[in-house]
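K.L.:
I'll drop the sequence and a predicted model, then ask my questions.
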Amino acid sequence: MLQRTDEADSALIDRLQKAAFSYFLKHYNPDNGLVADTSVAGVPCSIAAVGFALSSYTVAVERGWMERADAAERTKKTLCFFAEGHQGRERHAIGYKGFFYHFLHMDTGHRAWNSELSTIDTTLLVAGMLTAASYFDGPDEIEADIRRLTALVYERIDWHWALNKGETICMGWKPGSGFLRWRWQGYDEAVLLYTLALASPTHPVPQASYDAFTSSYSWMLFGEQPYLYAGPLFIHFFSHAWIDFRGIQDKPMLERNLDYFRNTRISIAVQREYAERNPGHFVGYNRDVWGLSASDGPPPTRNMRGGRHPRVLGYAARGAPLGPDDGTIAPWAALASLPYDRQASIDGVRALLSTYPELLYEDRFPGGFNPTVKTKRPEGWVDDRCVGIDQGLLVMSIENDRSDFIWNLMRRSPEIRRGLELAGFTGGWLDESVRETERRSA
């Protein structure tokens, strides 16, 4: 059993955070700042991974892993690529209407895999840019350029176009077929998307769009506690990586005397209870080994432990308690839970590493594993890749738990504050910011 002391826990978390950050040093093109989607050789860039990387560089400076000047230079190179890359309908374009394609070739930056112009992945990319703009606030030319380029990219995005004459924002668009039929509605990671879309100084969406988004929420009970349902854990983590939701409430949360932070804490408890109950009778599930989220999964097989024959799902957004579930665990999820339920997170990480000591790759969690699949190792099927957005989420979540670092940076972001206020959020640090502004102007 791994040693259990506060000092040992801190050392373990520090080690895992630094290893997660090292993903961005290893899987990075220094010529254009692009970051690979996964650790598998030859894969394209994920623009969402770039957003997590840009935020993680600020953490690396604070932790002493990078010099500020080096991080600023790397950040500026990345921003230059997105600010200066061609926008249009052509195959070689990197985006259109200010948005960017989900996947780009690592070398040329051209659209990869016939991917969609992604509204949410553009959001995650721009959130990383805004983090950098808030952090690099110095007077020198490079840091001033970071702020200028961030404003250029953000102000160019035509959020209103992405409504496609509807109330809610479309998930994406392709040059050959137009808008995807799916929209951002029902609780999901798009709280951050609507925050940025509302705050746009050039092409904003109306508040009615956010109201339409929240009107499609689904609520459930955990015991006697109502909570906002979303099955996969990443939905509960992504917007939180940048926005401190503690004590601030929009209309749906105010009506239920809840906030999104406490909702995420409840969702973690739901996952732990589900894993302990283990209705699918999967190998390995218990109160401390849990974590259903979007991840890759095992290929089709009937070689399962204990005579089980569940249908494996490949890539899927797994969730609890309503599923889907095929025994595949996202092992990074427990560590990403650190800011919301520290004890559950540490117990989960310790249990994973004690039970499956060979699970890590270079001290990084893989995208997923499934111990119900019968192999020569107790971990069963293990994803052969680490995923960039998972690693960035860990860097940011750990730092928010340690020092509120990213949250404090984004509290200073006028775009984040304005978007939240336009969405109807009040209370907590938003009210404190207003009082502080009034005090300074008095």
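P.N.:
Here it is on my side, so go on.

K.L.:
Would you confirm that Tyr285 contacts Pro279?
P.N.:
No. Assessed by Cβ atoms under 8 Å, Tyr285 is found out of contact with Pro279, at 9.5 Å. In short, each C-beta sits where N, CA and C put it, glycine included.

K.L.:
Between these two, point out the one with more neighbours.
P.N.:
Taking neighbours as other Cβ atoms under 10 Å, Tyr285 and Pro279 compare with Tyr285 leading, 23 against 12.

K.L.:
Tell me who's in contact with that one.
P.N.:
The contact partners of Tyr285, taken as Cβ atoms under 8 Å, 6 or more residues apart in numbering, are 275-276, 278, 327, 329.

K.L.:
Ramachandran coordinates for the closest residue to Phe369 other than its chain neighbours?
P.N.:
Nearest non-adjacent residue to Phe369, counting by Cβ to Cβ, 6 or more residues apart in numbering: Val382, 4.4 Å away. Per-residue torsions, Val382: phi -130, psi 130 (degrees, to the nearest 10).

K.L.:
swap in Ser134?
P.N.:
According to degrees, to the nearest 10, Ser134 has phi -70, psi -40.

K.L.:
Find me the pLDDT at it, would you?
P.N.:
Listed pLDDT for Ser134 reads 98.

K.L.:
Same question for Ala20.
P.N.:
As predicted, Ala20 sits at a pLDDT of 98.

K.L.:
Please apply the same query to the one 4 residues further on.
P.N.:
Model confidence at Phe24, expressed as pLDDT, equals 98.

K.L.:
element containing it, please.
P.N.:
Assigned by DSSP states H and E, Phe24 belongs to helix 6-26.

K.L.:
Mind listing what's buried along that helix?
P.N.:
9, 12-13, 16-24 (16 or more other Cβ atoms under 10 Å).

K.L.:
Kindly report the same for stretch 382-395.
P.N.:
382-383, 385-395.

K.L.:
residue boundaries of the strands in this structure?
P.N.:
45-46, 95-96, 99-101, 103-104, 117-118, 172-174, 178-179, 219-222, 225-228, 294-295, 316-317, 369-370, 381-382 (DSSP state E).

K.L.:
wait, isn't Val373 in contact with Arg302?
P.N.:
No. Using Cβ under 8 Å, Val373 is not in contact with Arg302, being 9.9 Å away.

K.L.:
quick one: which of the two has more around it?
P.N.:
Higher neighbour count among Val373 and Arg302: Val373, with 25 against 11, using other Cβ under 10 Å.

K.L.:
for the more buried one, what are its contacts?
P.N.:
Counting by Cβ under 8 Å, 6+ apart, Val373 makes contact with 298, 301, 303-305, 312, 327, 380-381.

K.L.:
quick one on the thing from earlier: between the strands of the chain, which gets nearest to Glu358?
P.N.:
Smallest distance to Glu358 across the strands of the chain (Cβ to Cβ): 8.5 Å, for strand 381-382.

K.L.:
how about His105, what does it touch?
P.N.:
44-45, 111-112.

K.L.:
Now with 10 Å, please.
P.N.:
29, 34, 43-45, 92, 94, 111-113 (Cβ atoms under 10 Å, 6 or more residues apart in numbering).

K.L.:
What separation do you get for it and Gly297?
P.N.:
The spacing between His105 and Gly297, counted by Cβ to Cβ, to the nearest Å, is 26 Å.

K.L.:
Now that we're looking at Tyr217, what pLDDT does it have?
P.N.:
So Tyr217 comes in at 97 (pLDDT).

K.L.:
Roughly how far does it sit from Tyr187?
P.N.:
Distance, Tyr217 to Tyr187, by Cβ to Cβ: 5 Å.

K.L.:
Of these two, give the one with the bigger neighbour count.
P.N.:
Tyr187 (21 against 15).

K.L.:
what's the closest non-adjacent residue to Gln225?
P.N.:
In space, Gln225 is closest to Ile266, 6.1 Å off (Cβ to Cβ, 6+ apart).

K.L.:
what number of residues lie near that neighbour?
P.N.:
With other Cβ under 10 Å as criterion, Ile266 counts 21.

K.L.:
Looking at the contacts of His105, which one is closest to Glu73?
P.N.:
Nearest to Glu73 among those, with distances taken as Cβ to Cβ, is Asn29, at 14.3 Å.

K.L.:
what's the spacing between the closest one and Leu193?
P.N.:
To Leu193, Asn29 is 26 Å away according to Cβ to Cβ.

K.L.:
do Thr150 as well
P.N.:
17 Å.

K.L.:
can you check Thr108 too?
P.N.:
With Cβ to Cβ as the criterion, Thr108 and Leu193 are 27 Å apart.

K.L.:
same check, this time on Trp182
P.N.:
13 Å.

K.L.:
that older thread, give me the buried subset of the contacts of His105.
P.N.:
29, 34, 43-45, 94, 111-112.

K.L.:
Spatially, which two of the residues you listed are the most separated?
P.N.:
Pairwise over the buried ones among the contacts of His105, using Cβ to Cβ, the maximum falls at Val43 and Ile94, 17.0 Å.

K.L.:
In TSV: the buried ones among the contacts of His105, plus pLDDT and distance to Asn400.
P.N.:
Output for the buried ones among the contacts of His105, formatted as TSV (pLDDT from 0 to 100; distance: Cβ to Cβ, whole Å):
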residue	pLDDT	distance to Asn400
Asn29	98	28
Leu34	98	25
Val43	98	28
Pro44	98	29
Cys45	98	25
Ile94	97	30
Arg111	96	33
Ala112	95	31
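
K.L.:
what would those look like in JSON lines with distance to Gly178?
P.N.:
As requested, the buried ones among the contacts of His105 are exported to JSON lines (distance: Cβ to Cβ, whole Å):
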{"residue": "Asn29", "distance to Gly178": "31"}
{"residue": "Leu34", "distance to Gly178": "27"}
{"residue": "Val43", "distance to Gly178": "27"}
{"residue": "Pro44", "distance to Gly178": "23"}
{"residue": "Cys45", "distance to Gly178": "24"}
{"residue": "Ile94", "distance to Gly178": "19"}
{"residue": "Arg111", "distance to Gly178": "16"}
{"residue": "Ala112", "distance to Gly178": "20"}
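
K.L.:
for these, which one is nearest Trp290?
P.N.:
Among the buried ones among the contacts of His105, Val43 lies closest to Trp290 (Cβ to Cβ), at 28.2 Å.

K.L.:
Relative to Asn32, how far out is that closest one?
P.N.:
Using Cβ to Cβ, Val43 is found at 16 Å from Asn32.

K.L.:
Also Asp137?
P.N.:
Per Cβ to Cβ, Asp137 is found 25 Å from Asn32.
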